[in-house]
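>>> Sequence below, structure please.
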Amino acid sequence: AAVVFDAERREVRRAALAYVIMMHVGFALLLIGFVRLDSVCGSADFALLGEYFRTQPALPLFVVFLAGFGMKAGMFPMHVWLPEAHPAAPSHVSALMSGVMIKTGVYGILRVTAQIADLPTLRTAGLILLVAGIVTGLWGVILAAAQNDVKRLLAYSSIENIGIVLIGLGIAALGKSSGNQLAAICGLSGALLHTLNHSLFKSLLFFGAGNILSQTHTTSLDALGGLGRHMPVTGLLFLAGTTAICALPPLNGFVSELLIYLGMLDGIASGSDVLASAAGLAALALIGGVVILAFTKLYGTVFLGAPRTHEVAEASEVDNFRIAAMALPLAGILFIGLFPQTAVSAVTRAAGFFIHHPADAADYLLSPTLAVCRSTSVISTSPRASAMLFALLPTPWQGRTSWFFWATTLCLTAISATRCSPFPRSTVALRLSPSLLARPRKSAATVLSPASASVRSRAPRTLPMPSRALFGVSAVWLRSPLPRLLRPTCTSSVATC
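Next up, the predicted model:
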């Protein structure tokens, strides 16, 4: 009913028809799967899937459930309803559909996969999920980059993010089947966290698209432009959403995709699933690059430049209630991005039903990386990030707020400098990761100090403000834990590193 809210338009009726047909096909597939489960086990309970998979061929029923739940999630090639339904529905309904409804399909896929106990079958299921995720992600992001409508671009982006979640689930299944617990933890934690992250930043972006539509009466990129001058608050919030969906620090998308990357890298390093992990790694890197292309085009076309129509030129900022609707998801985005250890600790405990791994061991395996992730997230909010943000602001903000820009730059540099040391790790990490914590602090300083000293010797006594900000970031970087972690482990002396 919500999809056909504007039923007078022909394209809306067409989208509603496609939505109804595809949902009924997905329901039929799920009905077949549960009827088969009931006929063998006497009940259609999820808990009995484990018994069915132990006594019957597992892959046929798994594929049926994957197709049925994949229809709801928007998995390729059952995604055709999604880019039709999202632009047709009101923007707040699109936010609900993308943020909540399609995640029910992901939940169903996870519940079915978690019941597979036979390791060879689980490996095959993991490969199926990984291939489905790669194809879905690439297909969605390539079509998103080619769209000329704001809501249709966001709809195809939802398909791409479902692909990323499926890649994480596939890596988790492959890691569990091969006994690689770290890959399994990282893959599943990243998939669960990305499911939550996508609900946050995609809701923010759809609310922003609704604000644009209400003020300009169009979502066509060919008609929009220069809205940053007329809707500055919406533009800033929309910029935060695009930054998060591009997986840039210090926002939440960076944390979840980093976990999936770590799972694939560990699969390659352990030698258990080298080809599958390498394929997922390359696909996720390509997806990330095209996402930046698509959303740079989206934000630049809509909020920068000059207005192309009278409606856009006469647009004004929306009321505070609609601004608050965009600000609420932003709070979750910032919390997960700035405090990743808290968020990942919660999802690793939620993943216990699939991995059956002690929670403190999960904290041990992930806390060193997340400590560095948090540290570099703080550093990334230093002058370079501030300069990028203010460079994207519309012209009336530039010049008038140059004092505010430089004040913010210096404050963020000072914050980064005071927090440049490694963050306190949990008791488990301190007890169980001596190889990481025992690396000598002077190893990086010994190697890097001559270069930094030569730079300081050549630096003039009085520097312009941008140069001082750059030197501040360099000093933070040299004292941060990341250069030490990027270097090989020292076993005998600094000279052998």
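
>>> And the helices in the stretch 101-250 of the chain, which stretches?
102-114, 119-145, 150-178, 181-216, 227-230, 232-245 (DSSP state H, counting those that start in this stretch).

>>> Could you say which of the ones you listed is packed most deeply?
Taking mean count of other CB atoms under 10 Å as the contact definition, the stretch among those with the greatest mean neighbour count is helix 150-178, which reaches a mean of 28. For the C-beta atoms, the positions are set from N, CA and C on the backbone; glycine is no exception.

>>> Who are the packing partners of that helix?
The contact analysis (3 or more CB pairs under 8 Å, 6 or more residues apart in numbering; DSSP states H and E) places helix 150-178 against helix 82-88, helix 91-96, helix 102-114, helix 119-145, helix 181-216, helix 252-270, helix 274-303, helix 352-355.

>>> ok, back up a step: I'd like the helices of the stretch 101-250 of the chain as CSV, with distance to Met75 and mean pLDDT appended.
Listed next are the helices of the stretch 101-250 of the chain as CSV, based on distance: least, CB to CB, whole Å; pLDDT from 0 to 100:
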stretch, distance to Met75, mean pLDDT
helix 102-114, 7, 90
helix 119-145, 5, 93
helix 150-178, 6, 92
helix 181-216, 14, 90
helix 227-230, 33, 88
helix 232-245, 19, 92
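
>>> quick one: which of the ones you listed is nearest Ser256?
Shortest separation from Ser256 across these is recorded for helix 181-216, at 3.7 Å, computed as CB to CB.

>>> Taking helix 102-114 as reference, get the angle to the closest one.
170 degrees (axes from the mean of the first three to the mean of the last three CA atoms, to 10 degrees).

>>> Ser43 - that's part of a helix, no?
No: counting by DSSP: H, G, I helix; E, B strand; the rest coil, Ser43 is located in no helix; its state is coil.

>>> got the phi/psi numbers for the closest residue to Ser178 other than its chain neighbours?
Leaving aside its chain neighbours, Ser178 sits nearest to Ser272 (3.8 Å; criterion: CB to CB, 6 or more residues apart in numbering). For Ser272, the backbone dihedrals are phi -80, psi -40 (criterion: degrees, to the nearest 10).

>>> ok, Ser272 - how many residues close by?
Around Ser272 sit 18 other residues, with neighbours defined as other CB atoms under 10 Å.

>>> repeat for Ala331
Applying other CB under 10 Å, we find 10 other residues in the vicinity of Ala331.

>>> Could you identify the helix or strand that succeeds the helix or strand hosting it?
In this structure, Ala331 is located in helix 320-338 according to DSSP states H and E. Using DSSP H and E, the helix or strand that follows helix 320-338 in sequence is helix 340-350.

>>> Identify each buried residue in that next one, please.
Neighbour-count burial for helix 340-350, with 16 or more other CB atoms under 10 Å as criterion, is recorded at Pro340, Gln341, Ala343, Val344, Ser345, Val347, Thr348.

>>> So the residue nearest to Ser178 sits against Lys176, correct?
No: between Ser272 and Lys176 there is no contact, the gap being 10.7 Å when judged by CB atoms under 8 Å.

>>> dump the residue contacts of Lys72.
With contacts defined as CB atoms under 8 Å, 6 or more residues apart in numbering, the neighbours of Lys72 are Met23, Gly26, Met101, Ile102, Thr104, Gly105, Gly108.

>>> One more: Leu130?
Contacts were defined as CB under 8 Å, 6+ apart; by that measure Leu130 touches Leu166, Ile167, Gly170, Ile171, Leu174, Ala276, Ala279, Gly280.

>>> just Gly288 next, same as before
Listed by CB under 8 Å, 6+ apart, the contact set of Gly288 reads Cys246, Ala247, Glu257.

>>> before we move on, what about Ala15?
Ala15 makes contact with Val3, Trp81, Glu84, Ala85, Pro87, Ala88, according to CB under 8 Å, 6+ apart.
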